[in-house]
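*Asks:* sequence first, predicted coordinates after that:
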Amino acid sequence: MGAYKYAELIDRLLNSCEYLDPRPRVSKVEIPEDNPNAFRWMEQFTFTGNKILKIKDIASFDSEGNMVERAFSYDFREVGSEQPIFRICNHERIKSVNEKCHVHVGPIEHECFSDSTRTTFAYAIHCVKNHYLHKAQDWENGGTDEPGI
């Protein structure tokens, strides 16, 4: 996919999410001019119902456009709450995408993803939509190595 295509996907997903309040036009993704295979995104969005999604996603891609390592967290919570509704992350440490990542639900951490290749922003938005539609999350269905998007 590569850094630029990932940034384009993020903008499409942001503009199609009906729960954002207000909908942004573009994200604040940074791709360094001297390293177009690097990606950095730190931003916070407000959602209906007094909820926020805090994002930190730093990644690098190989010459074929495959994400190879990243540090990330997608933290969805009520405004002012100390505990997340969910937080999908690898504790914001640069790691290979082949290493495990997990989800925090309130104070509990669930190791349920064998890698972070599919726990991208597309998956985080999928989980936000599940929340608003009162659908079970993948980790509530016994955990999964295949995020259901």
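*Replies:* Looks like it arrived, so ask away.
*Asks:* CA atoms for contacts and neighbours, from now on please.
*Replies:* Fine.
*Asks:* quick check: pLDDT value at the nearest residue to His104 once chain neighbours are set aside.
*Replies:* Of all residues not flanking His104 in the chain, Arg87 sits nearest, at 4.9 Å (C-alpha to C-alpha, 6 or more residues apart in numbering). We note a pLDDT of 97 for Arg87 in this prediction.
*Asks:* which strand residues bridge Arg87?
*Replies:* Asp75, His104 (DSSP bridges).
*Asks:* report how many residues lie close to it.
*Replies:* Here the number of neighbours of Arg87 (other C-alpha atoms under 10 Å) works out to 23.
*Asks:* which stretches of the protein form strands?
*Replies:* 38-47, 51-61, 67-78, 86-89, 95-96, 101-105, 108-113 (DSSP state E).
*Asks:* and the third one, how far out from the chain middle?
*Replies:* The chain centroid and the centroid of strand 67-78 are separated by 5 Å, computed with C-alpha atoms, centre = their mean, to the nearest Å.
*Asks:* same check on the fifth one?
*Replies:* Relative to the centre of its chain, strand 95-96 is centred 16 Å away, using C-alpha atoms, centre = their mean.
*Asks:* contact partners of that strand?
*Replies:* Val68, Glu69, Arg70, Ala71 (C-alpha atoms under 8 Å, 6 or more residues apart in numbering).
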